[in-house]
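**Q** Sequence and computational prediction follow.
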Amino acid sequence: MTDSTPPTGLTAPKLRLGLRDGSDDGWGYAPAPESTDHVELRDRYGLFIAGEFTDAADGRTFETANPATEEKIADVALAGDADVDAAVAAARHAYDEVWSKLAPRERGKYVYRIARVLQERGRELAITESLDGGKPIRESRDVDIPLAAAHFFYYAGWADKLDYAFPGRGARPLGVAGQVIPWNFPLLMAAWKIAPAIAAGNTVVLKPAETTPLTALKLAEIIRDAGVPPGVVNIVTGAGETGAAVVQHEDVDKVAFTGSTEVGKLIRRALAGSGKHYTLELGGKAANLVFEDAAVDQAVEGIVNGIFFNQGHVCCAGSRLLVQESVAGEVISKLKDRMETLIVGDPLDKNTDIGAINSRAQLDKIEEYLEIGEAEGAEPFQTSCPVPERGYWCRPTLFLHASQSHRVVQEEIFGPVLAVQTFRTVDEGIAMANNTPYGLSGGVWSDKGAKAFRVTSRIRAGVLWANTYNKFDPTAPFGGYKESGIGREGGLAGLHAYLQPEAAA
Ligand code: NAP
Ligand code: MG
């Protein structure tokens, strides 16, 4: 592609894509848009209660839009208290009359069936996820959807083996689970919540995020088509108020929430003394530590993956780069070069590295932090790639020479913005990594296995990666310390969160 005119809808680039000096070497990528022809999206979506799609009792709806175009996709039913009551009643009925009486092996078959249909409809789901939430199709296709299916497969396997899961103790389900999820991994978060809950014999009422309800509603169709008994899974769409009604409902036995620390605190307060079980997966501000003995090129890839994956809308994002002073110059120079090759734009283009910011509100929040970082004295660096005119975009950004007291170091930005600091000794690096109210995740880059183990064992975070970043697996527990939450999802720990262990008979 030698034409220097930017594709339609793109602002003229200050510099050519992939080249820092603005010259054109004729090696730009041709557009590679994923076709949406076979994806059926309705104009209107209802609540999924007792196996059927229904309007809200008071008929209210809200809009979900495509953040890459700002265009409305559909009207979605807005669940009020009466609808949440109906969903919880359906879940209770299904629990008492059907699901808790079903042979565990049969329960497992339904969960397997959901996993299989997720795979079969994978392409449609990936496109829907990218349309509704703005993430690059490569990520929805290669990460979100396969991992969502993997969670159903993994927990399906446990359904008839609960007696072996926790040897010496029996295990019974908790009852009705009320679950609330965020917008950054819409279908995957729904899978994290629903798969262990129903495999363990519970029934659920799930509320997806307001800006990304569509894949959860497609999952509802899949659950219905898989023949799962009505009421085992109920999906109520709406905003924060609907979420509050779900978690505070008196007939909910277990609350599972993923979202911000702020809302997590509200929920924990509201649940105090209620006797409900709960797990909270909250925010993070993870350190990615690069030591002088690290393989620099690999570390740079890991830094990029750590903070720019999913536009940085990742609770466990490596949003603080701590790099040892002796290699800081080389690492940062290579990082800037690599960042200049990142393509920001159409989420449905297979070349896109960074898609749209999920909503206007989130873009406003990120832009506020860009101003704060600069005002506090950190040195901003932003890449020069073109971005489309319409939609919500943020170029990959660094804050160099950031210090520990800066808000861009302390607070979760939830965007493609990386705060960069340096350290001299191993102890200083560890102290800086731990100097945050959060404790969700972290990364260590070193050529020395012993050093990686020593450092990771001293960082207080639930998930730590060595010489890699953002690797997820349904068998591995995930969750935080400190203000990053309480409880674990994934693996056996994630199963345990939906069971009441009891003395073996
Ligand atoms: P959020 O504002 O806390 O929202 C999360 C969910 O809670 C949404 O469905 C939201 O509804 C709902 N909600 C809002 N107020 C509520 C209330 N008072 N009671 C019950 N539910 C309520 O978080 P977000 O901005 O969407 O998501 C980003 C945050 O999630 C980040 O902090 C990120 O770190 C965290 N996160 C954590 C993990 C983890 O596993 N630790 C994973 C992913 C994300 P609406 O948004 O629809 O209004
Ligand atoms: Mg949307």
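**A** Good, I have the coordinates. Ligands and ions are numbered 1, 2, ... in the order given.
**Q** so who does the spatially most central residue of the chain touch?
**A** Geometric centre of the chain, nearest residue: residue 185, 3.6 Å, by Cα atoms, centre = their mean. Counting by Cβ atoms under 8 Å, 6 or more residues apart in numbering, residue 185 makes contact with 144, 310. For the C-beta atoms, the positions are set from N, CA and C on the backbone; glycine is no exception.
**Q** tally of neighbours for residue 227?
**A** Neighbour count of residue 227, defined by other Cβ atoms under 10 Å: 10.
**Q** Can I take it that it is in a helix?
**A** No: counting by DSSP: H, G, I helix; E, B strand; the rest coil, residue 227 falls outside a helix, being coil.
**Q** Contacts only, for it.
**A** Counting by Cβ under 8 Å, 6+ apart, residue 227 has contacts 110, 113.
**Q** Now do it, the pLDDT please.
**A** On pLDDT, residue 227 comes in at 97.
**Q** Kindly report the same for residue 29.
**A** For residue 29, the predicted pLDDT is 87.
**Q** Does it touch residue 351 like I think?
**A** Yes: Residue 29 lies in contact with residue 351 (Cβ atoms under 8 Å); the separation is 4.5 Å.
**Q** what touches both of those two?
**A** residue 343.
**Q** between those two, which one's more packed in?
**A** Just comparing residue 29 and residue 351: by other Cβ under 10 Å the higher neighbour count belongs to residue 351, 17 against 13.
**Q** which SS class is that one?
**A** coil.
**Q** can you check residue 216 too?
**A** Assignment for residue 216 (three-state DSSP): helix.
**Q** so how far is residue 181 from it?
**A** 8 Å (Cβ to Cβ, to the nearest Å).
**Q** Show me whatever sits in contact with both of the two.
**A** Joint contacts of residue 216 and residue 181 (Cβ under 8 Å, 6+ apart) are 190, 206, 208.
**Q** tell me which parts of the stretch 151-300 of the chain are close to ligand 1?
**A** When proximity is defined as Cβ under 6 Å from any ligand atom, the stretch 151-300 of the chain approaches ligand 1 at 180-184, 207, 209-210, 239-240, 243-244, 247, 258-260, 263, 266-267, 281-284.
**Q** Can you say which of these are buried?
**A** 180-184, 207, 209-210, 243-244, 247, 258-259, 263, 267, 281-284 (16 or more other Cβ atoms under 10 Å).
**Q** show me the contacts for residue 243.
**A** 180, 207, 257, 263.
**Q** Quick check: phi and psi on it?
**A** phi -60, psi -40 (degrees, to the nearest 10).
**Q** next one: the one 10 residues further on
**A** Residue 253 has phi and psi values of phi -90, psi -30 when expressed as degrees, to the nearest 10.
**Q** gap between it and ligand 1?
**A** 17 Å (Cβ to the nearest ligand atom, to the nearest Å).
**Q** surely that residue meets residue 172?
**A** No: using Cβ under 8 Å, residue 253 is not in contact with residue 172; the gap is 11.4 Å.
**Q** Compare those two and say which is more crowded by neighbours.
**A** For residue 253 and residue 172, the more surrounded residue by other Cβ under 10 Å is residue 253, and the numbers stand at 21 against 14.
**Q** Nearest spatial neighbour of the more buried one, chain-adjacent residues omitted?
**A** residue 175 (3.6 Å; Cβ to Cβ, 6 or more residues apart in numbering).
**Q** ok, now which ones touch the one you found?
**A** Residue 175 neighbours (Cβ under 8 Å, 6+ apart): 92, 95, 202, 203, 253, 254.
**Q** Helices of the stretch 301-450 of the chain, start to end?
**A** Using DSSP state H, counting those that start in this stretch, the helices of the stretch 301-450 of the chain run over residues 325-340, 360-376, 407-410, 426-434, 449-458.
**Q** Counting by contacts, list what the fourth one packs against.
**A** Read that as helix 426-434. strand 287-290, strand 320-324, strand 417-423, helix 449-458 (3 or more Cβ pairs under 8 Å, 6 or more residues apart in numbering; DSSP states H and E).
**Q** Please give the element, helix or strand, for the residue lying closest to residue 38 once chain neighbours are set aside.
**A** Residue nearest to residue 38 in three dimensions, not counting chain neighbours: residue 124, with 6.6 Å by Cβ to Cβ, 6+ apart. Assigned by DSSP states H and E, residue 124 belongs to helix 122-133.
**Q** Which strands and helices lie in contact with that helix?
**A** strand 61-66, helix 137-139, helix 145-158, helix 186-199, helix 214-225.
**Q** In JSON lines: those, plus distance to residue 494 and mean neighbour count.
**A** Listed next are the helices and strands packed on helix 122-133 as JSON lines, based on distance: least, Cβ to Cβ, whole Å; neighbours: other Cβ atoms under 10 Å:
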{"stretch": "strand 61-66", "distance to residue 494": "28", "mean neighbour count": "18"}
{"stretch": "helix 137-139", "distance to residue 494": "22", "mean neighbour count": "21"}
{"stretch": "helix 145-158", "distance to residue 494": "8", "mean neighbour count": "23"}
{"stretch": "helix 186-199", "distance to residue 494": "5", "mean neighbour count": "28"}
{"stretch": "helix 214-225", "distance to residue 494": "18", "mean neighbour count": "22"}
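**Q** out of these, nearest to residue 100?
**A** helix 186-199 (11.2 Å; Cβ to Cβ).
**Q** quick check, that closest one touching ligand 2?
**A** No: Helix 186-199 is not in contact with ligand 2 by Cβ under 5 Å from the ion; minimum separation 8.9 Å.
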